[in-house]
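Chemist: could you look at this predicted model? Sequence included:
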Amino acid sequence: MKRIRSARDLAVNGAPPAFRQPLHVGRPHAVDRAAFFDYANRIFDRRRLTNDGPVVRELERRIADMLQVRHCVAMANGTLALEGAVRALGLKGEVIVPSYTFIATVHALHWQAITPVFADIDPHSQTIDPAAVRRVISPRTTGIVAVHLWGRPACIDQLQGIADEHGLKLIFDSAHAFGCSYRGRMIGGFGACEVLSFHATKFFHTFEGGAVVTDDTHLANTLRLMRNFGFSGIDSVASSGTNAKMTEMAAAMGLVNLDGLDNLVATNRRNYEIYREALKDIAGVRLLPYDERERHNYQYIVLDVAKTFPVSRDRLVRALRAENILARRYFWPGCHNMQPYCDLYPQAGLGLPNTRAIADRVVVLPTGDQMNEEKIRTVVSVIATLGQPPADSV
């Protein structure tokens with residue numbers, strides 16, 4: 001294991017970092033290039049690069065089978081998938097959404113002239129709090145977009161009960177939850193639909209891509225029309241639409257990654273378990289646990305830095321980055337503090353105390369196939385060094 005400098009020496013300008021090459025959060029993993037190029041050659045031979053080609057259809061079929069849903073509608077990216085789902089379900093007026101999420105979740109609503117209404121999160125699960133959802137329902141509310149954060153499912157049953165009680169559509173942003181389960185059932189078949197992201201930073205990716213998964217045949221057919229300008233035939237347009245089609249090359253990358261999915265999950269789980277063991281005795285930090293009764297992808301190593309830790313979360317991040325460990329603050333400072341929402345709804349933060357507290361404490365650490373046990377223990381040694389009390393307090 002690399003020798004880590006003292007807390008006083010950490011982040012000193014000019015000092016050599018612990019790692020010559022940066023360790024990234026969300027770094028794309030290595031792929032089976034031979035398998036991908038085999039797909040690519042066949043795609044070039046067919047000369048069909050897009051427009052609902054056979055590789056896209058194969059990827060859709062395999063994902064639907066894996067998630068045990070009737071339909072998978074592949075899209076160019078997860079944001080377009082979410083926008084399409086929102087539009088296809090006819091959402092308008094106000095839609096309830098957490099602020100503690102990636103900004104695309106909220107943009108997908110605002111982009112379509114829908115008012116996002118922020119609901120607070122549960123401080124333990126860090127997912128949207130059903131009680132907070134109830135508090136912000138109004139006569140203008142038409143839907144709820146909940147997020148399965150870190151691959152940890154939101155309170156699906158409670159949220160569905162609220163949606164049914166008030167006649168609301170329920171969508172799950174499942175960008176973090178591909179390959180995860182809830183009470184033994186795969187994430188993907190809950191709510192009106194679920195939206196997936198296959199961005200390159202995800203453990204399963206298609207370079208860039210996304211999908212809507214659902215058991216609703218009418219919704220799936222509507223989305224298939226929408227993603228291709230509304231075309232229902234060669235020269236027949238049945239509805240308005242956009243260009244949200246996934247390319248054949250993107251789908252080929254997805255198929256290659258599906259074939260290696262078990263290995264990727266095993267790598268992530270190994271890393272999580274090493275981090276968990278190495279961090280357990282450091283006071284003031286807590287690794288968010290996974291429910292071992294469920295399936296997980298283990299793609300996020302989420303650290304909660306308490307106020308009792310000797311240095312602030314932000315100073316910890318700076319020290320890690322000085323060692324070329326590119327940890328991230330997620331999802332700081334909360335969507336309600338970003339444009340345009342901080343100007344449109346300047347009082348939104350008053351009802352989001354848990355969101356503010358969690359956003360100020362969380363840091364996400366590198367994982368994936370770039371990491372091994374030695375690297376992980378070096379990362380943890382930086383955290384441990386910062387966690388030492390000042391010499392004059394001993």
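Modeler: Cool, got the structure. Numbering: from 1, shown residues only.

Chemist: helices along the chain, start to end?
Modeler: Secondary structure of the chain (DSSP state H): helices at 33-46, 54-67, 78-88, 103-110, 130-136, 156-166, 217-226, 248-259, 261-279, 313-322, 341-344, 353-359, 373-386.

Chemist: mean neighbour count added to these, as JSON lines?
Modeler: For every residue, glycine as well, the C-beta is placed using N, CA and C. Compiled in JSON lines, the helices of the chain are given as follows (neighbours: other CB atoms under 10 Å):
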{"stretch": "helix 33-46", "mean neighbour count": "13"}
{"stretch": "helix 54-67", "mean neighbour count": "18"}
{"stretch": "helix 78-88", "mean neighbour count": "25"}
{"stretch": "helix 103-110", "mean neighbour count": "21"}
{"stretch": "helix 130-136", "mean neighbour count": "17"}
{"stretch": "helix 156-166", "mean neighbour count": "16"}
{"stretch": "helix 217-226", "mean neighbour count": "18"}
{"stretch": "helix 248-259", "mean neighbour count": "22"}
{"stretch": "helix 261-279", "mean neighbour count": "18"}
{"stretch": "helix 313-322", "mean neighbour count": "19"}
{"stretch": "helix 341-344", "mean neighbour count": "14"}
{"stretch": "helix 353-359", "mean neighbour count": "20"}
{"stretch": "helix 373-386", "mean neighbour count": "20"}
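
Chemist: tell me the mean pLDDT for stretch 123-134?
Modeler: Mean pLDDT, stretch 123-134: 97.

Chemist: no, scratch that, I was asking about stretch 250-258
Modeler: If you average the pLDDT values across stretch 250-258, you get 98.

Chemist: can you tell me the closest non-neighbouring residue to the residue sitting nearest the centre point of the chain?
Modeler: By CA atoms, centre = their mean, the chain has its centre lying nearest to residue 176, at 3.3 Å. Leaving aside its sequence neighbours, residue 176 sits nearest to residue 151 (CB to CB, 6 or more residues apart in numbering; 4.8 Å).

Chemist: what do you get for residue 232?
Modeler: Residue 232 sits nearest to residue 238 (CB to CB, 6+ apart), 3.9 Å away.

Chemist: kindly report the same for residue 240.
Modeler: residue 230 is the one closest to residue 240 (CB to CB, 6+ apart), at 5.5 Å.

Chemist: give me the pLDDT value at that neighbour.
Modeler: 85.

Chemist: if I look at it, how far off is residue 243?
Modeler: Distance, residue 230 to residue 243, by CB to CB, to the nearest Å: 11 Å.

Chemist: cool, residue 325 as well?
Modeler: Counting by CB to CB - residue 325 and residue 243 are separated by 39 Å.

Chemist: please apply the same query to residue 214.
Modeler: Distance, residue 214 to residue 243, using CB to CB: 21 Å.

Chemist: where in this structure is pLDDT low?
Modeler: For the chain, the stretches with pLDDT under 70 are 1-14, 390-394.

Chemist: 50 - rerun?
Modeler: Scanning the chain for pLDDT under 50 picks out 1-3, 7-8, 11-12, 394.

Chemist: just give me the longest strand of it.
Modeler: Taking DSSP state E as the criterion, the chain has its longest strand at strand 141-147.

Chemist: what's that strand packed up against?
Modeler: helix 78-88, strand 94-98, helix 103-110, helix 156-166, strand 169-173 (3 or more CB pairs under 8 Å, 6 or more residues apart in numbering; DSSP states H and E).

Chemist: any idea how far that strand is from the chain center?
Modeler: Put simply, strand 141-147 sits 17 Å off its chain's centre (CA atoms, centre = their mean, to the nearest Å).

Chemist: so what strands line up beside that strand?
Modeler: strand 94-98 (parallel), strand 169-173 (parallel) (DSSP bridges).

Chemist: still on that earlier bit, is it correct that the residue nearest to the centre of the chain is in contact with residue 300?
Modeler: Yes - contact criterion CB atoms under 8 Å: residue 176 and residue 300 qualify, at 6.8 Å.

Chemist: joint contacts of those two?
Modeler: Shared contacts of residue 176 and residue 300 (CB atoms under 8 Å, 6 or more residues apart in numbering): 150-151.

Chemist: returning to what we had before: what sits against the residue nearest to residue 240?
Modeler: Counted by CB under 8 Å, 6+ apart, residue 230 has contacts 237-241.

Chemist: and residue 88, by the same measure?
Modeler: 219, 222-223, 226.
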